[in-house]
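1. Generate coordinates for the sequence data below:
(one chain, ligands or ions: 1)
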Amino acid sequence: MLNPDQILARLEQILLMVEKPGRYVGGEFNQVVKDWSRNIRIALVFPDIYDIGMSNLGLAILYDLINQRSDALAERAYAPWVDMEAALRSSITPLYSLETKHPLGAFDILGISLPYETLYTNTLNILDLAEIPLFSSERTQRHPLIVAGGHATFNPEPMHAFVDAFVVGEGEEVIGEIIDVFKEWKVSGENRKTLLNRLSQIWGVYIPSLYHSHYFVDGTFSHIEKLEADAPLPIMKRLVAKLPPPTTRFIVPYIDTVHNRIPIEIMRGCTRGCRFCHAGMITRPVRERSVDEIIQAIEEGVRNTGYEDVGLLSLSSSDYTHILELVNAVGERFHSQHLSMSLPSLRIESFSVDLMDSLKGTRRSGFTLAPEAATERMRDIINKPVSTAQLLDTAHAIYSRGWTTIKLYFMIGHPSETMEDVQAIADLCKAVLAEGRKVIGSRAQVNAGVSTFVPKPHTPFQWVPCESIEMILNKQALLKRELRGAGLKLNWNSPKETMLEAWLSRGDRRLAEVIFRAWQNGAKFDAWNERFSYDTWIEAFQVTGLDPNFYTHRERPIDESFPWDHISTSVRKKFLTEDYLWSLQGRTRIDCRQRCFACGVLPTFADLRRMNPGEVWQCPEVKSKKIVIQDFSVNMDVLSPGD
Ligand code: SF4
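-> Next up, the predicted model:
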């Protein structure tokens, strides 16, 4: 294995030949370099290029937490772009960490972030570039432990063959427990299997090699079998009862990255219950940070980084209980510092316009609204009820307050969508533009972003088929025909890229071979449309004898077992089933802060809720062992997690 000096010597030649060498050198402001010889060494890996990975908040939090420990260090690695990969391969140089240039194979643990499925082949590529066996079963004592976390790992099965341990859920606490177990194991001299068994006992850790999947003859999933008596089943997601103080010591890159700003998460989770929304279901319950804590974090973040841009992040920012107080406090406190603020994910209501209006320094080029569907019928089906009149009123208010462009986000392919519903997207865009013209004339602009709905596991739509390529193309053709002319712009996704996401997100263990074959045949950077090759994936399916349509276009019976059922988000399958059936009738649910619908979060985490009283959580308080929520009661003694 090469040492850091040898790698540095090679980089002096290699970096002269590649685009943006700043991606590969490290040494940025706030990077942490610790004593390599006395710590548990963790490489945090984002399987896309530096420019994207540097904006990943999850890895920034873990980097900070690990480096605060006196017995561990964290360094970083990203996917090299194709020119750098070619240079590394031709010079037989392994992928290395940015901080100290150690090869990734020399670390104790690789912590890989998998927020979405289109990073799977890049993950294999990174392991290969690091000279680490791709398959978990081929790794020995001398190889790093491969751990993966992130939203995609709520269905870990397609990647089960390549990852030793998945973290399902929130990482802030579990990372410390993994390091503790690893440290003890490292000095014990015991075998790798013992390490995996110990890790499996940590809440939120899933060791796929301790389970075996069974299928029916028709190819549908039957059940998962434990191979060790004490392997947990179900595997309950990890939850942080109270969000820890926000990370504020961010690394400041030398080159431009996707977001050059201080990201502060103001709350986690969402109570709105949009039925298509994976994040909204898997991050329940809503937990909020206090205004004081957020203000303090902004102060520290500005001091530590010099950034002039702050992102106040959450799934639905206007639902943060103290949003007005926060925005006012930020305005007062940072008035003289020319700090620019962004508040993503605002609801469609005039209150959102007031909020954006009061954010000093906000650029007025574009205001984003996400109705997701254009008819009230469709918005009821997806449980995002907002009236068209309210939407047009909000648009009017936006143009009146000085914005010239409204960005409208829609999805096509929702369950039961017709061509009339798609036509309504074009009609609604034109109606919004007409509102703008009333206010600011021909300066008004509407940019429509139309993606295609992909049914996700653990959501009320996990049963529904994904639209076929032909149907997506028909719908997109209609929109392209209708949404042209002055003031209108349309963006859309390639339906072939949608298929990849759809295959992988509801895939089972058999897809591991498809991923492997696709990677072998050159698939990587699948999230980049100029690099994505649909044909490579189809060939991989053909080689393995699997039918891609089985994973996408099949309507699943309501009682079908799913390959991800053993992973529990704490939201019960019974609740998801009922919500799916409600959607078929066009029945909606109100915000569950107004009425708890007993989704399963409270019975599972009743103790945590009891220990965190007040409005830290947006679920009702739990006073005693017997909890009563509206017309529903649960006896804690008879409930097992994930019930
Ligand atoms: S337990 Fe009730 S309030 Fe909490 S997330 Fe579930 S439905 Fe909403």
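
2. any idea how far the ligand is from the closest residue to residue 67 other than its chain neighbours?
-> Among residues not flanking residue 67 along the chain, residue 32 sits closest, at 4.3 Å (CB to CB, 6 or more residues apart in numbering). Quick note: C-beta positions are derived from backbone N, CA and C, even for glycine. For residue 32, the distance to the ligand equals 36 Å [CB to the nearest ligand atom, to the nearest Å].

3. ok, now residue 456?
-> Counting by CB to the nearest ligand atom, the gap from residue 456 to the ligand is 18 Å.

4. do residue 29 as well
-> Distance from residue 29 to the ligand, by CB to the nearest ligand atom: 40 Å.

5. what kind of secondary structure is residue 489 in?
-> Judged by DSSP: H, G, I helix; E, B strand; the rest coil, the three-state class of residue 489 is strand.

6. From what I see, it and residue 447 are in contact.
-> Yes - using CB atoms under 8 Å, residue 489 makes contact with residue 447 at a distance of 4.5 Å.

7. ok, the two, which is more surrounded?
-> residue 447 (18 against 15; other CB atoms under 10 Å).

8. Surely that one forms part of a strand?
-> Yes - assignment of residue 447 by three-state DSSP places it within a strand.

9. contacting residues for it?
-> Each residue near residue 447 by CB atoms under 8 Å, 6 or more residues apart in numbering is listed here: 366, 405, 406, 407, 408, 489, 490, 491.

10. For PyMOL, write the selection for the buried entries among these.
-> Here is the PyMOL selection string for the buried members of those, based on 16 or more other CB atoms under 10 Å:
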select buried, resi 405+406+407+408+490
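
11. if I look at residue 366, how far off is residue 557?
-> For residue 366, the distance to residue 557 (CB to CB, to the nearest Å) stands at 43 Å.

12. Which single helix of this protein contains the most residues?
-> helix 419-440 (DSSP state H).

13. who does that one touch, helix- and strand-wise?
-> With contacts taken as 3 or more CB pairs under 8 Å, 6 or more residues apart in numbering; DSSP states H and E, helix 419-440 sits against helix 376-381, helix 388-400, strand 405-412, strand 445-452, helix 469-482, strand 488-492.

14. residues in contact with it?
-> 371, 373-375, 377-378, 388, 391-392, 395-396, 399-400, 404, 406, 408, 410, 412, 414, 443-446, 448, 450, 474-475, 478-479, 482-483, 487-488.

15. ok, now with 6 Å
-> Here helix 419-440 makes contact (CB atoms under 6 Å, 6 or more residues apart in numbering) with 374-375, 378, 392, 395-396, 399-400, 406, 410, 412, 444, 446, 448, 475, 478-479, 482-483, 487.

16. how many neighbours does the residue nearest to residue 67 have?
-> Residue 32: 16 neighbours (other CB under 10 Å).

17. surely it meets residue 66?
-> No - with contact defined as CB atoms under 6 Å, residue 32 does not count as touching residue 66 (9.0 Å).

18. Those residues of the stretch 501-643 of the chain touching the ligand, which are they?
-> 592, 596, 597, 599, 601, 602, 619 (CB under 6 Å from any ligand atom).

19. same question, the chain
-> So far as CB under 6 Å from any ligand atom goes, the chain lies against the ligand at 271, 284, 285, 592, 596, 597, 599, 601, 602, 619.

20. Go again with 5 Å.
-> 284, 285, 592, 596, 597, 599, 601, 602, 619 (CB under 5 Å from any ligand atom).

21. May I ask which of those residues has the most neighbours?
-> residue 284 (27 neighbours).

22. which among the contacts of residue 447 gets closest to the ligand?
-> For those, the closest approach to the ligand (CB to the nearest ligand atom) belongs to residue 408, at 27.9 Å.

23. quick one: contacts for the closest one?
-> Residues near residue 408 by CB under 6 Å, 6+ apart: 369, 448.

24. what bridges to it?
-> Beta-bridge pairing of residue 408 under DSSP bridges involves residue 369, residue 448.

25. any idea where the helices of the stretch 1-150 of the chain begin and end?
-> Using DSSP state H, counting those that start in this stretch, the helices found in the stretch 1-150 of the chain span residues 4-14, 50-53, 57-68, 82-90, 120-129.

26. Would you mind putting these into JSON lines with mean neighbour count and mean pLDDT alongside?
-> As requested, the helices of the stretch 1-150 of the chain are exported to JSON lines (neighbours: other CB atoms under 10 Å; pLDDT from 0 to 100):
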{"stretch": "helix 4-14", "mean neighbour count": "15", "mean pLDDT": "97"}
{"stretch": "helix 50-53", "mean neighbour count": "21", "mean pLDDT": "97"}
{"stretch": "helix 57-68", "mean neighbour count": "20", "mean pLDDT": "97"}
{"stretch": "helix 82-90", "mean neighbour count": "17", "mean pLDDT": "98"}
{"stretch": "helix 120-129", "mean neighbour count": "24", "mean pLDDT": "98"}
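
27. That's all I had, so thanks and see you.
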